[in-house]
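K.L.:
Would you be able to build a 3D model of this:
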Amino acid sequence: MAIMVARGGLRRGTERSASSRSPGRGATHSSSTGCWSAIAWPCVLVVASLVVPRIAPAHVSAAEFMAAARASIQAADAQRHVAALADDAFEGREGGSRGGRAAGGYIVSHLEKLGLEPAGDNGSWFQQFGGMRNILALARGGDPAAANELVVVGAHYDHVGYGNANNSYGPFGFVHNGADDNASGVAGLIEIAEALQHLPHRPRRPILLAFWDGEEKGLLGSYHFLRVRPAGLADMQIAFSVNIDMIGRLRGERLEVYGTRTATGLRSAVVRSNNRPGAKPLELFFDWAIEDDSDHYPFIAAKIPTIMFHTGLHDHYHRPSDDVHLVNFAGIEPVTRLVLDFITAVADEPGPAPGFRPQCRSENDAAKRGIEAAAASPPPTGQTGQTVPGQRPRWGIGTRSDAGDPTAPVVVRVTTGSPAGAAGLLVGDRITAIDGATVAGQEDMIARLAGAGDRVALDVDRKGRIIRVEMQSPGLPLP
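P.N.:
Take a look at the predicted model:
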């Protein structure tokens, strides 16, 4: 993630000086592996079997293949990738540096073993610009009618090298390995590339896996891609993008999600993926702010619906102490599985691609608080909102519609002592279904609650987790 402003309270961590070790010079050869290294770094031997796209046999269900795809994403594999990319040998992976180029070589060595197409310049994996290189791999879609609707999922692989006053909180001159920023995101994207090979069928739309370079120098790689796409992608329209940046510090099962206001209904789509069958859902924090601090921003500026997943900043951000031993590898696993489910759902959506929602540029967390703020208790009303003398509200719920996510009305009032209160409904919950049937909007919800019997079950989105609450109406008039 690109540095924006200094944040207080950061502490000094483990440091390694450029002068305290001597990176080798000249090309060297390893007789044990047969690999050449551009400089005298330990040669990394990558052993992996060729993975090819699968067609589901008749006796294996699509659900079983999807479960296999999720299960292929493993914390141990992510740990191996992070440890390699955040090794001192790559000297902080600064864009355009020898360490950055070596990191790109590591990524390509994995992509070459998968059933993906090189999508860079002239049929290569690389898109060159300013001495730096994006790495692009394409998974073709399965529907010719959607062949030009591209879904981009990206993670930047560069970091800040040895750090300086413009890109580090210091101390400077020490290797900044960027284990969380963003070796963790790159590890997740490599795992997704492998998981795509286990899918029961190709999603309708093509998926581009993009490893951005130059993010720390001003989002250079993603901006360049949007301005000058390789010839093989030039005719495609970017329907959607996802950015994975710093997913290595999951704390309290809390994942930050940005960009859900860039298209209508994106929050609900992320929540559905988070609550897929068999998963333990994460707690999601939806941030409405849009800042130019990572590679989601160029896509939003280009009016492309975009989501970013992020586990949050920490005291080691842009410091030499952002190192491998601090990464929560067990946390990378569920985050990456969530991203896999989300991007495949978007790519396989049967309807048209979601349109960009321009109102997102003027919305912020203050607007979010306004929509979710608790409402004052009204005088006694009927279910339709009309005042009915001598009658208490049947369920004791007040909701507010959200134009950015209209199929999940926001609970803004729960009357004390009401059926809703007794069932445990909370202000801030979002009602997604009634008796198992999806809510179409606030008016639909009101009508269905008005016509419900004495018992009703609500599925609610509570911080990204779907929880069922069951209400029972006392059915008694006021005395």
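
K.L.:
all contacts plus neighbour counts: C-alpha atoms, from now on.
P.N.:
Noted.

K.L.:
part of a strand, is residue 346?
P.N.:
No. Read with DSSP: H, G, I helix; E, B strand; the rest coil, residue 346 is helix and lies in no strand.

K.L.:
Tell me how far it lies from residue 301.
P.N.:
20 Å (CA to CA, to the nearest Å).

K.L.:
These two: which is more packed in?
P.N.:
residue 346 (23 against 15; other CA atoms under 10 Å).

K.L.:
contacting residues for the more buried one?
P.N.:
By CA atoms under 8 Å, 6 or more residues apart in numbering, residue 346 lies in contact with 151, 240.

K.L.:
what does residue 327 give?
P.N.:
Residue 327 sits next to 179, 180, 184, 248, 249 when contact means CA under 8 Å, 6+ apart.

K.L.:
Quick check: it vs residue 178, distance?
P.N.:
Note on residue 327: its distance to residue 178, by CA to CA, is 10 Å.

K.L.:
now swap in residue 243 and tell me
P.N.:
Distance from residue 243 to residue 178, by CA to CA: 17 Å.

K.L.:
Name the residue in the two with the higher neighbour count.
P.N.:
Legend: neighbour count by other CA under 10 Å for residue 243 and residue 178, higher for residue 178 (32 against 26).

K.L.:
tell me which residues in stretch 126-139 are buried?
P.N.:
Across stretch 126-139, burial judged by 16 or more other CA atoms under 10 Å covers 126, 127, 128, 129, 132, 133, 134, 135, 136, 137, 138, 139.

K.L.:
tell me, how many neighbours does the residue nearest to residue 468 when sequence neighbours are not counted end up with?
P.N.:
In space, residue 468 comes closest to residue 459 once its chain neighbours are excluded; the distance is 4.5 Å by CA to CA, 6 or more residues apart in numbering. Residues near residue 459, counting by other CA under 10 Å, number 22.

K.L.:
go on, residue 61?
P.N.:
Using other CA under 10 Å, residue 61 has 12 neighbouring residues.

K.L.:
Equivalent analysis for residue 450, please.
P.N.:
Residue 450 has 14 nearby residues by other CA under 10 Å.

K.L.:
Just the pLDDT for it.
P.N.:
On pLDDT, residue 450 comes in at 92.

K.L.:
Next up, phi/psi of it, please.
P.N.:
phi -70, psi -30 (degrees, to the nearest 10).

K.L.:
before we move on, what about the one 10 residues further on?
P.N.:
Dihedral pair for residue 460: phi -130, psi 140, per degrees, to the nearest 10.

K.L.:
now do residue 368
P.N.:
Dihedral angles (degrees, to the nearest 10) for residue 368: phi -60, psi -50.

K.L.:
Quickly find the element holding the residue nearest the centre of the chain.
P.N.:
Nearest to the mean C-alpha position of the chain, counting by CA atoms, centre = their mean, stands residue 309 at 3.0 Å. Under the criterion of DSSP states H and E, residue 309 resides in strand 306-310.

K.L.:
same deal with residue 195?
P.N.:
helix 185-195.

K.L.:
With only the CA atoms kept, save that helix in PDB.
P.N.:
Extracted in PDB, the C-alpha atoms of helix 185-195 (Å, rounded to 0.1, in the frame of the first residue of the first chain):
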ATOM      1  CA  GLY A 185      -1.400 -10.000  -1.200                       C
ATOM      2  CA  VAL A 186       0.800 -11.500  -3.900                       C
ATOM      3  CA  ALA A 187       0.800 -14.800  -2.100                       C
ATOM      4  CA  GLY A 188      -3.000 -14.700  -2.000                       C
ATOM      5  CA  LEU A 189      -3.200 -13.900  -5.800                       C
ATOM      6  CA  ILE A 190      -0.800 -16.800  -6.600                       C
ATOM      7  CA  GLU A 191      -3.100 -19.100  -4.500                       C
ATOM      8  CA  ILE A 192      -6.100 -17.800  -6.500                       C
ATOM      9  CA  ALA A 193      -4.400 -18.500  -9.800                       C
ATOM     10  CA  GLU A 194      -3.900 -22.100  -8.700                       C
ATOM     11  CA  ALA A 195      -7.400 -22.400  -7.300                       C
END
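
K.L.:
Mind checking the pLDDT average for that helix?
P.N.:
98.

K.L.:
and after that helix, which helix or strand comes next?
P.N.:
strand 207-212.

K.L.:
Verify the stated contact: residue 469 with residue 429.
P.N.:
No. Taking contacts as CA atoms under 8 Å, residue 469 lies outside contact range of residue 429: 10.8 Å.

K.L.:
Those two: which is more packed in?
P.N.:
residue 429 (24 against 16).

K.L.:
Run through who's touching stretch 407-423.
P.N.:
Stretch 407-423 is contacted by residues 265, 268, 371-377, 394-402, 425-432, 439-442, 469-474 when judged by CA under 8 Å, 6+ apart.

K.L.:
so which strand or helix has residue 134?
P.N.:
With DSSP H and E as the criterion, the answer for residue 134 is strand 132-139.

K.L.:
how far out from the middle of the chain is that strand?
P.N.:
19 Å (CA atoms, centre = their mean, to the nearest Å).

K.L.:
Now do it against strand 207-212, angle only.
P.N.:
If you take axes from the mean of the first three to the mean of the last three CA atoms, to 10 degrees, strand 132-139 sits at 170 degrees to strand 207-212.

K.L.:
Looking at strand 132-139 now, give me its mean pLDDT.
P.N.:
98.

K.L.:
circling back to that earlier point, closest one to residue 111 out of the buried residues of stretch 126-139, please.
P.N.:
Distance to residue 111 across the buried residues of stretch 126-139 (CA to CA) is lowest for residue 137, with 7.5 Å.

K.L.:
Next up, the contacts around that closest one.
P.N.:
With CA under 8 Å, 6+ apart, residue 137 has these contacts: 111, 116, 117, 118, 119, 120, 125, 208, 209, 210.

K.L.:
Just give me the neighbour total for the second one.
P.N.:
By the other CA under 10 Å criterion, the neighbourhood of residue 116 contains 23 residues.

K.L.:
now swap in the last one and tell me
P.N.:
When neighbours are defined as other CA under 10 Å, residue 210 has 28 of them.

K.L.:
how much space between it and residue 242?
P.N.:
10 Å.

K.L.:
The fifth one too?
P.N.:
The span separating residue 119 from residue 242 equals 18 Å under the rule CA to CA.

K.L.:
Now for residue 210 and residue 242: what residues contact both?
P.N.:
Shared contacts of residue 210 and residue 242, counting by CA under 8 Å, 6+ apart, come down to 152, 153, 154.
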